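> A structural model of the following input is requested.
(one chain, ligands or ions: 1)
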Amino acid sequence: MNEQHVVAGGAGFIGSTLVRVLLRKGASVLVLDDFSLGRRDYLGDLQSDPRLHIEECDVADRSGIEAALRRASSRARVAELWHMAANSDIPAGVHEPDVDYRKTFQTTYELLRACRLVGIDTFHFASSSAVYGDHGDVELHESIGPLLPISNYGAMKLASEAQLSAASEAFLRRANVFRFPNVVGTPATHGVILDFVRKLKSNPARLQVLGNGSQQKAYLHVSDLVDAMLVVATSACQEKVQLVNIGPVDAGVQVRWIAEQVVSRVSPGATIEFGSEGRGWLGDVPRFRYSVSKLREMGWAPRLDSEHAILRAIDEISVQEGF
Ligand SMILES: NC(=O)c1ccc[n+]([C@@H]2O[C@H](COP(=O)([O-])OP(=O)(O)OC[C@H]3O[C@@H](n4cnc5c(N)ncnc54)[C@H](O)[C@@H]3O)[C@@H](O)[C@H]2O)c1
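So this is what the prediction gives:
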């Protein structure tokens, strides 16, 4: 791999991990990030690599992206664009839908528009299990429907998928839509483990959990996630828009268990207080069962199941937060 790739949101949790792997595989990379949540530090040691360019850029801003992609194209042809930028705070988007309209949808719309103008024809998109909505215990295959998201975040991810489908009719040669589960690891910018660790940092005696702890979800370590994306990106593709669920093969773990593990690692003896509702917040899907058979047919399997991904991430995030 010695082509140029663009990673929008490349200074964030998943984006910075992806950039690290792309550079390791020989690509040169342009990171576009507005640093609203991502940080240059997350690219740490990589910043001295001459194959890495980092530009501060709001990818919902039309003129900014177009100029950045033109500069990149003048250095070398841009082979592929990875869109990893979005609003990561789902509850915030429930209270203020504009956040998801701009960060989760408009970023996709404007990036696709700019790709068409500068001639980038391969687009990889970080979508989410949130597009499915709440189907209870029904196993979620890529073809299940109707898709009725219950958060603005999920709605704007689904709208982005639709926009990608239209773009692939117009100009894209290849579009991959990755539907992520809950992803854990470092550098953590958000998520359940970081939330628990920070709460215990400010009050080592008590951990307050959103919801009654019975929410059960699948978790994937970020190293497995990036590995899976690259397997899909390099696979022979029969479909114009390739939709792929990425996740572990197990049924997931309960939030109650995660809280107990974080307490025992960070603040043994702390009291755990649960809420009364079966979900954490408005728009939270309390349980989902993911089918990853399509990904398995491509020959991919995760190294860590949900339980081990969580345990490893608790260690990593505890160290990140100074424990
Ligand atoms: N982490 C998960 O569990 C998870 C689950 C499902 C989907 N996803 C999706 O994966 C992608 C990466 O998520 P993450 O967990 O790394 O989140 P993150 O917040 O760490 O990374 C997102 C990055 O995008 C940047 N960004 C946000 N708005 C921007 C804008 N307008 N212009 C430029 N940069 C902008 C942020 O500064 C950040 O660096 C997102 O699209 C997210 O919706 C993540």
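
> who in this structure is up against the ligand?
Remark: the part of the chain in contact with the ligand comprises 9, 11-15, 32-38, 58-60, 84-86, 88, 103, 107, 126, 128, 180, 182-183, 189, 191, using C-beta under 6 Å from any ligand atom. All C-beta atoms are positioned from the backbone trio N, CA, C, and that covers glycine.

> Would you list the buried entries among those?
For these, a neighbour count by 16 or more other C-beta atoms under 10 Å gives the buried set as 9, 11-15, 32-34, 37-38, 58-60, 84-86, 88, 103, 107, 126, 128, 180, 182-183, 189, 191.

> So which of those belong to helices?
Among those, the residues falling in helices (DSSP state H) are 13, 14, 15, 107.

> Adding pLDDT, write the residues you listed out as TSV.
Shown next, in TSV, are those (pLDDT from 0 to 100):
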residue	pLDDT
13	98
14	98
15	98
107	98
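
> Can you tell me which of those is closest to residue 75?
residue 15 (20.0 Å; C-beta to C-beta).

> how about the strands in the stretch 1-150 of the chain?
Secondary structure of the stretch 1-150 of the chain (DSSP state E, counting those that start in this stretch): strands at 4-8, 28-33, 52-56, 78-83, 122-128, 139-140.

> between the fifth one and strand 78-83, what angle do the directions make?
Read it as strand 122-128. An angle of 10 degrees separates the directions of strand 122-128 and strand 78-83 when computed by axes from the mean of the first three to the mean of the last three C-alpha atoms, to 10 degrees.

> Partner strands of strand 122-128, with direction?
strand 78-83 (parallel), strand 174-180 (parallel) (DSSP bridges).

> now do the third one
Strand 52-56 sits in its sheet next to strand 28-33 (parallel), going by DSSP bridges.

> Can I get the partner strand in PDB? Just the C-alpha atoms.
These are the backbone C-alpha positions of strand 28-33, laid out as PDB (Å, rounded to 0.1, in the frame of the first residue of the first chain):
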ATOM      1  CA  SER A  28       0.800   8.300   3.100                       C
ATOM      2  CA  VAL A  29      -2.000  10.000   5.100                       C
ATOM      3  CA  LEU A  30      -3.800  13.400   5.300                       C
ATOM      4  CA  VAL A  31      -5.700  13.900   8.500                       C
ATOM      5  CA  LEU A  32      -8.500  16.400   8.500                       C
ATOM      6  CA  ASP A  33      -9.900  17.200  12.000                       C
END
